[in-house]
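> here is a sequence with its predicted model. Questions after.
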Amino acid sequence: MTFQRFKDQIDDVMRDSLRKMGHKDQEYELLEPSKKEFGDITCNVAFLLGKKLNKSPYEIASTIVKNYLKDSIQKQQPRYIASVEAHPVGYINFTVDCIRLGGITLKTVLHDKNYGFVDIGKGKKVIVEHTSVNPNKALHVGHMRNVILGDTIARLLKLTNHSVVVLNYVDDSGLQIADILVAFLYAKIPEEPQSEFMKFDKYCGNEVYVKVNGLYKSDSSLLERRKLVLQALEIIDGSISAFASRITLKVLREQLKTCWRLRARYDLLNFESHLLFSRLWDQVFQMLAAKGTIEYRTSGKNIGCWVFTSDVESNEKVIVRSDGTATYIAKDITYAALKVGIVQDPFRYYIFSNQWDGTNLWATTIREDVAKITPIERSVDSYINGNISSRRHFYPADMAITLIDNRQDRLQRILGEIINKMEYRVHIYFPLSYGPVTLSSQTATQLGVSIEENKNSVSMSGRKGITVDADSVLNALHRKAKQEAKERNPTFSDDELAEIAEELAISAMRYNLIKYDIEKIMKFDIEDSLSLNGDSGPYIQYTHARLSRLIEKSGRSVLADQSSNDFMLEVADLLNQEIECGLLIQVSQFENIVRNAVENFDPKIIARYLHRLATIFNVYYEKIPIVKEQDRRIRDARITLVRVIKITLINGMRALGITPLERM
RNA sequence: GGGUCCAUAGUUCAGCUUGGAUAGAAUGGCUGCCUGCGGAGCAGCUGGUCGAGGGUUCGAGUCCCUCUGGACCCGCCA
């Protein structure tokens, strides 16, 4: 902890002073001042005491400062507080000793490549479920928000020493899948897209699904077919199931390509069909019935059903229909129960694929024996090569986080209630809800969607074809970034440019999807999203490239041995410009930023921090000579500061899944 | 009908958890800054009755109430 040392010290001297004044239990807050001239940390205690003592805040503040605080501060060793002042408004403003804080910050960062990633998790196991898109369509930008938020949170948790398992739930047995199957089997819609450039996931979602939904209106026999298909999906070894498996895996592979392209990763694919075949629900049902969590209705509206009565909702929720079949929330309960260990893991696993980061992606299977894996499952992925049927330990976890669209909040609350009644550990099941993505009116108009006069955004709808798929946005970003990179680096080969462009596209997309408040609806505008300037991922990368160039040009340091303690203070002493102090303070706050982001599951905090750090550095770069500085010692001190900023920036980028570039 | 959430520069958004000093970014528009460390940058100007009204408070963008406008949720569908 670096900046925290300063804060802790203020806490100490405040406590000490208040105790001596006879206000031992007086509360107060240590806040970040709104302006730089008000110091580095400010305390509001005089306002709070003023109320009690009926005196003016300034009077109290100056008494505390003069009579108590100054003495108390003198005794601190080492002293991080440089000065303290009672402001006429009533605040007590503390200023940090930049040399002491700078010294300890430089030392900490230079000795720890993982600077900032404090051990918050202590090995605690966390399951993060994200993506979970029906395998009948291409991912649109709304899905991408789920993917990127989930992936970033998983990264943050992993970097802070949580044991993380990332799940992707594949709903391969619902109505939407049946639609696609009906289209191919009975509606004469070809199984292969007309154009070889059309991705299969997009083909299914944008053409097949839309077409078959149109056909239902004119040909009601297709609806009958769909009913039969739905039933057939529940037969383990049926031909419909096998066909369904082939189609959904084909779509899934295309979806995963998009997710992997954005540097998301998973540990396990959980297939809904396997969950159903496992009969786990029967166990869960027995437990719920035995505990009285769900009740059988013998009269009233829901006669013949098993229902759950919420403590907070007025309407009771049907869990088992009067015909004995379970409603869809049953599988959510089952899945949640599995995640938190209420029921035993029934699955076997096989390696579905290798991923971009070198890790294996596993998938569930309900087969006990390698040989029984169907040729279809096998052929779909050549990576399998017999490595099937391992027992793995994906479940249970100390905490299960699920990324969900906030339109499902109500349902998830009920689910949470049910889990809490089965499991004594609280907050173990944690739905993390985010606002859906809507399209700006401009973007909607570009898609040919007519919008009402007073509306300035449009909800996406797969059925109506109102979507912006992730691949198209990425491709557009890639093209634009490549063009710009080429203008700046005319000598680079096409491959080099493509590589850079891809990293810029990924970073622009990822940054854009996490920078907004997680719980708020996000308006997506295709033009805005293509921006590579300002508050964006590429801006961070640009700053990193600048830092790299400076280090590259710096040569050998004339300063003392960099591992010594004296070196740190020597360097901090040379960094006596105001903006250098500001940069050191920023760097020293990174640990607190990470802690904040993890505790609130809020990646936006990291993005805002990186932007601020990069901005201050870019101002520094404009104002102060670094490599050009004539005094060798000052020059080398500045290069040391540059190195420290670079490490901090890189670590923030690691958390966000943005690649630091050397050139762009 | 019941419930959840939102409203802050032309636009997109921070700030609200925990009330405090002159409400911040980005973008757009206008204007400067490269023979110099990377101009995907920096500096300046422009731009706000914090939806409206009331209340609590020494003090409200922030807390409470009412109203207006908007989004979403509430099935023996998934």
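Ah, there it is. Numbering: from 1, shown residues only, chains lettered A, B, ... in the order given.

> pull the contacting residues for A:I235.
A:I235 sits next to A:S241 when contact means CB atoms under 8 Å, 6 or more residues apart in numbering. For glycine as for every other residue, the C-beta is placed from the backbone atoms N, C-alpha and C.

> which SS class is it?
What DSSP: H, G, I helix; E, B strand; the rest coil gives for A:I235 is coil.

> which residues touch whichever residue of the stretch 101-250 of chain A sits closest to RNA strand B?
Distance from RNA strand B to each residue of the stretch 101-250 of chain A (CB to the nearest atom of the strand) is smallest for A:G174, at 3.2 Å. Contacts for A:G174 (CB under 8 Å, 6+ apart) come out as A:N134, A:E272, A:Y328.

> these two touch, right, the first one and A:A178?
No - the pair A:N134 and A:A178 fails to qualify as a contact (CB atoms under 8 Å) at a distance of 11.0 Å.

> need the helix or strand of chain A with the lowest average pLDDT.
helix A:375-380 (a mean of 41; mean pLDDT, DSSP states H and E).

> what's the following helix or strand after that helix?
The first helix or strand that comes after helix A:375-380 along the chain, using DSSP states H and E, is strand A:399-405.

> summarise which helices and strands that following strand is packed against.
Packing partners of strand A:399-405 (3 or more CB pairs under 8 Å, 6 or more residues apart in numbering; DSSP states H and E): strand A:125-129, helix A:141-159, helix A:329-340, strand A:429-434.

> helix, strand or coil for the closest residue to RNA strand B within the stretch 1-150 of chain A?
Nearest residue of the stretch 1-150 of chain A to RNA strand B: A:F47, at 2.9 Å (CB to the nearest atom of the strand). The local conformation at A:F47, judged by three-state DSSP, is helix.

> can you pull the contacts of it?
Applying CB under 8 Å, 6+ apart to A:F47 gives the contacts A:P57, A:G90.

> distance of it from A:R19?
19 Å (CB to CB, to the nearest Å).

> ok, now A:S322?
In this view, A:S322 and A:R19 are 68 Å apart by CB to CB.

> just A:N114 next, same as before
Taking CB to CB, one finds A:N114 at 38 Å from A:R19.

> and for A:V118?
30 Å.

> with neighbour numbers in mind, choose between these two.
Taking neighbours as other CB atoms under 10 Å, A:V118 and A:R19 compare with A:V118 leading, 18 against 14.

> I'd guessed the more buried one sits against A:T160; true?
Yes - A:V118 sits in contact with A:T160 when judged by CB under 8 Å, with a separation of 6.3 Å.

> joint contacts of the two?
Taking CB under 8 Å, 6+ apart as the criterion, A:V118 and A:T160 both touch A:V594.

> I'd like the contacts of A:G174 as JSON lines, with pLDDT, neighbour count and distance to A:E499 appended.
JSON lines is the format used below for the contacts of A:G174 (pLDDT from 0 to 100; neighbours: other CB atoms under 10 Å; distance: CB to CB, whole Å):
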{"residue": "A:N134", "pLDDT": "94", "neighbour count": "22", "distance to A:E499": "33"}
{"residue": "A:E272", "pLDDT": "93", "neighbour count": "23", "distance to A:E499": "37"}
{"residue": "A:Y328", "pLDDT": "91", "neighbour count": "11", "distance to A:E499": "44"}
